[in-house]
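**Q** kindly return the folded structure for what I paste below:
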Amino acid sequence: MGSCVSKGKGDDDSIHNVEFSGGNVHLITTKESWDEKLAEAGRDGKIVVANFSATWCGPCKIVAPFFIELSEKHPSIMFLLVDVDELSDFSSSWDIKATPTFFFLKNGQQIGKLVGANKPELQKKITSIIDSVPASPQRS
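**A** Next up is the predicted model:
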């Protein structure tokens, strides 16, 4: 499905055995788990960043540790990982043309998209989304 898109310098396709999920990244393996996580994010008022990725994709392997790092830095955001090969029909419904593709969702609706393993742009989009969302009141 699709092709790999690389935007960074120093990409190394020899990286093997990269962890794609970890930190606060939730691996989505079924449409049902996707629906559950989106519902949870909606209840908690969280923005969702969904990484549509592939294990064979070099740029996906390069950006995966950074995605995990971002998930640990930003617990107010829900980070999801979808393997386009494992969930090919579901990924097709999102019109994935290249991997990685990142979708930014609020209340289940797309508010942004980034195609490619562009770490600075991914960081910039996340920062901009955090800055645009008012702080949620603390629950007692």
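
**Q** C-alpha only now, for contacts and for neighbours.
**A** Noted.

**Q** flag every buried residue along the lengthiest helix in the chain.
**A** Secondary structure of the chain per DSSP state H: the longest helix is helix 58-73. Using 16 or more other Cα atoms under 10 Å as the test for burial, helix 58-73 gives 58-68, 70-72.

**Q** what residues does the following helix or strand past that helix touch?
**A** Following helix 58-73 in sequence order, the next helix or strand is strand 77-83 (DSSP states H and E). Strand 77-83 has contacts (Cα atoms under 8 Å, 6 or more residues apart in numbering) with 20-21, 24-29, 41, 46-55, 71, 91.

**Q** just the buried members of these?
**A** Burial by neighbour count, 16+ other Cα under 10 Å: within those this picks out 20-21, 24-28, 41, 46-55, 71, 91.

**Q** quick one: the strands in the protein?
**A** 3-4, 25-28, 47-53, 77-83, 98-99, 101-106, 109-115 (DSSP state E).

**Q** got a markdown table for the ones you listed, with distance to Ser132 too?
**A** Formatted as a markdown table, these follow (distance: least, Cα to Cα, whole Å):
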| stretch | distance to Ser132 |
| --- | --- |
| strand 3-4 | 30 |
| strand 25-28 | 22 |
| strand 47-53 | 11 |
| strand 77-83 | 13 |
| strand 98-99 | 27 |
| strand 101-106 | 12 |
| strand 109-115 | 11 |
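
**Q** export those strands to CSV and tack on mean pLDDT and distance to Ile126?
**A** Shown next, in CSV, are those (pLDDT from 0 to 100; distance: least, Cα to Cα, whole Å):
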stretch, mean pLDDT, distance to Ile126
strand 3-4, 60, 22
strand 25-28, 96, 15
strand 47-53, 97, 8
strand 77-83, 96, 9
strand 98-99, 96, 18
strand 101-106, 97, 9
strand 109-115, 95, 10
